[in-house]
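J.: following is a predicted model, sequence given first.
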Amino acid sequence: MLKEYFSILSEGSRETGFDEKVISEEAGDALEKLISGDHRYLSDTINHAELTADIRRETTQHGQHPYAVIVTCSDARVPPEHIFSAGIGDLFVIRNAGNLIGSFDLGSVEYAVEHLGAKLVVIMGHTHCGAVAAAMEGDSEGHIHDIILEVKAAIGDASDPREAEIRNVKHSLSRLHDSEILSKMHADGQVEFAGAIYDIETGTVEFLKI
């Protein structure tokens, strides 16, 4: 299932001009951890991951080695570490309204992948996203305007919220290729990219076949 999932993603990459590559087993392991973590979250919303003083000391002395990068929305109903039953040092989380990818976000992903060794980057949108809704309904003032413009560019003429949320995730996935570092590492099979939608009511994460 994991091999099939990433083969679909790589086909999408080839359509945008990126060569076929070897699928990383480590990326598959990371995706499996996320999926099984969400299953545990659904059965028991208490996070039983290691959040101990020993882990704090271990990561202080030996650094962080996250197995995945999660780029997601700042929405308070979307807690990534809880959703994936993750502990200290497991996930490198980047959050902003609308789960967008800009230059600072790209730099953060580059750092997590190139220097910390993360093998999987997940762009995770969610249901009932306020940024998507605002882009569909109109506009806004201040710096929120910049967010709405980016989401509008992503969703185009989508009139269904579900379709708009998926398009927004796809747009952010495509923006990862704005980084030469990430594009090369992706083409070489050193990192995989995935898209997902989190359902804020049910707690389920659907990984998208893009």
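T.: Thanks, I have it.

J.: from here on, contacts and neighbour counts on C-alpha atoms
T.: OK.

J.: which ones are touching residue 166?
T.: When the contact criterion is C-alpha atoms under 8 Å, 6 or more residues apart in numbering, the partners of residue 166 are 125, 197.

J.: typo on my end, residue 40
T.: For residue 40, the contacting residues are 84, 85, by C-alpha under 8 Å, 6+ apart.

J.: in a strand, it, correct?
T.: No: the assignment for residue 40 by DSSP: H, G, I helix; E, B strand; the rest coil gives helix, which leaves it out of any strand.

J.: how close does it get to residue 204?
T.: Look at residue 40 and residue 204: by C-alpha to C-alpha, to the nearest Å, they are 11 Å apart.

J.: what residues are shared contacts of the two?
T.: Here residue 40 and residue 204 share no contacting residue, scored by C-alpha under 8 Å, 6+ apart.

J.: tally of neighbours for residue 141?
T.: 8 (other C-alpha atoms under 10 Å).

J.: ignore what I typed, I meant residue 201.
T.: Residue 201 has 9 neighbours, counted by other C-alpha under 10 Å.

J.: list the contacts of it.
T.: With contact taken as C-alpha under 8 Å, 6+ apart, residue 201 is in contact with no other residue.

J.: can you check the pLDDT for it?
T.: According to the per-residue confidence, residue 201 scores 97 in pLDDT.

J.: where does it sit: helix, strand or coil?
T.: Under three-state DSSP, residue 201 comes out as coil.
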